[in-house]
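Trainee: dropping a prediction and its sequence here:
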Amino acid sequence: MNSPNNKLPNSLVDKIKVWPQYLLPHYLLTDLMFFLTRSKLRVWKNNFTRWFVHQYQVDMSLAVEEDPTAYETFNDFFTRPLKPEVRPVCTEADCVASPVDGTVSQAGTINSESLFQAKGHDFSLTQLLASQSEWIDKFRNGNYATIYLSPKDYHRIHMPIDGELKQMTYVPGKLFSVSPATTREIPGLFARNERVLCFFDTEFGPLAVVLVGAMIVGGIETVWHGSITPPHQKHLGHWHYDATSSEKKSQHVVLNKGDELGRFNMGSTVILLFEKNKINWEAAITANETTVVGQKIASRIV
């Protein structure tokens, strides 16, 4: 038996876990998972789903359909709806609700344009928001929270506050894992990975909900657009929802707090951005703390 003194340092363990990702075919593996998770072959689907529930200790009592083999595909199981009563949404007018079930990676104040990722690593608003100066200016010195969704978590994303969609941007990028080890090891991880930026106008000021893709994440979709990825594009994509009055009428998207915004087909990370002096994070919203959809995570500054 190895003594505690002979154990590898945590930083070296992280490197061993993470560095092979630089050599893996990210898109090939992700596209393969996309195909497998949509297979209706019952032998494959049922066995894999049972293994997944056991491996990750998924609590099926929270789901509308509690039988994991009743879903048509593994992806249907993975994006399963929950019973409404198990995720009540905070009702106070000044309350910001958690958009997802997950674990807080970081939450705090943006230092000019710099967001803290993990010890030794920051990333910038310019990188994260793909150099879109209009939105960078709005969130400079604002507040942010990064929430990681593990495989066992519920994978639908909900609105943290009432909002009107103004713009959506698809940003191409890598597909590194977003596990805690990868977050600690890969510089600028969330600004390097493929992502979808959703910008809203709210009574709390501008809000950005950033959906970060990752390896094996077989797709990102929103309720107003449907599937955005795949396919994985090589160029930025922009959608404006109030460019003209005629467009606004046909693409007017208003979502209330708690409404479904989108979903990850397999797991990933959500980043929230708020304007300066608009909200205060709850004391419990700190690194490594868990949160669930609807839970109060911040209050509006009046």
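Mentor: Sure thing, it's come through.

Trainee: residue 137: neighbour count?
Mentor: Residues lying near residue 137 (other Cβ atoms under 10 Å) number 12. Where you see a C-beta, it was placed from the backbone N, CA and C, and this is true even at glycine.

Trainee: hmm, I was thinking of residue 120
Mentor: Neighbours of residue 120 under the rule other Cβ under 10 Å: 9.

Trainee: likewise for residue 42?
Mentor: Counted with other Cβ under 10 Å, residues neighbouring residue 42 total 10.

Trainee: please renumber so the chain begins at 54
Mentor: In the new count, where the first residue is 54, that last one comes out as residue 95.

Trainee: gap between it and residue 134?
Mentor: Look at residue 95 and residue 134: by Cβ to Cβ, to the nearest Å, they are 22 Å apart.

Trainee: over to residue 110?
Mentor: On the measure of Cβ to Cβ, residue 110 and residue 134 end up 20 Å apart.

Trainee: please apply the same query to residue 126.
Mentor: Relative to residue 134, and taking Cβ to Cβ, residue 126 is found at 15 Å.

Trainee: of those two, give the one with the bigger neighbour count.
Mentor: residue 126 (17 against 12).

Trainee: kindly state the beta-bridge partners for the nearest residue to residue 307 once chain neighbours are set aside.
Mentor: Among residues not flanking residue 307 along the chain, residue 217 sits closest, at 5.0 Å (Cβ to Cβ, 6 or more residues apart in numbering). With DSSP bridges applied, the residues forming beta bridges to residue 217 are residue 254, residue 307.

Trainee: and residue 118, how many neighbours?
Mentor: 14.

Trainee: so it is in which element?
Mentor: If you go by DSSP states H and E, residue 118 is not part of any helix or strand.

Trainee: and it, what does it touch?
Mentor: Contact analysis of residue 118 by Cβ atoms under 8 Å, 6 or more residues apart in numbering lists 124, 133.

Trainee: give me the pLDDT for it.
Mentor: Per-residue pLDDT puts residue 118 at 97.

Trainee: could you do residue 298 as well?
Mentor: We have a pLDDT of 46 for residue 298.

Trainee: repeat that for residue 302.
Mentor: 49.

Trainee: what's the answer for residue 232, then?
Mentor: Confidence score, pLDDT, at residue 232: 77.

Trainee: same question for the one 10 residues further on.
Mentor: Residue-level confidence at residue 242 comes out at 87, pLDDT.

Trainee: and it, how many neighbours?
Mentor: Residue 242 has 25 neighbouring residues, counting by other Cβ under 10 Å.

Trainee: how far away is it from residue 257?
Mentor: Distance of residue 242 to residue 257, computed by Cβ to Cβ: 27 Å.

Trainee: need the contact list for residue 334.
Mentor: Taking Cβ under 8 Å, 6+ apart as the test, what residue 334 contacts is 160-161, 196, 198, 350-351.

Trainee: now residue 328
Mentor: 191-192, 195, 257-259.

Trainee: who wins for most neighbours among the residues you listed?
Mentor: Top of the contacts of residue 328 by neighbour count (other Cβ under 10 Å): residue 192, with 24 neighbours.

Trainee: skipping its backbone neighbours, what lies nearest it in space?
Mentor: residue 326 (4.6 Å).

Trainee: next SSE after the host helix or strand of the one you found?
Mentor: Take DSSP H and E as the rule and residue 326 turns out to sit in strand 322-327. Counting by DSSP H and E, the next helix or strand C-terminal to strand 322-327 is strand 332-334.

Trainee: surely the residue nearest to residue 192 meets residue 257?
Mentor: No. Taking Cβ atoms under 8 Å as the definition, residue 326 is not a contact partner of residue 257, at 11.4 Å.

Trainee: buried residues in stretch 278-285?
Mentor: Within stretch 278-285, the residues scored as buried using 16 or more other Cβ atoms under 10 Å are 278, 281-283, 285.

Trainee: with stretch 110-122 instead?
Mentor: 111, 115-116, 121.

Trainee: helices of the stretch 154-303 of the chain, residue ranges please.
Mentor: For the stretch 154-303 of the chain, the helices defined by DSSP state H, counting those that start in this stretch occupy 178-181, 186-192, 233-238, 242-245, 298-303.
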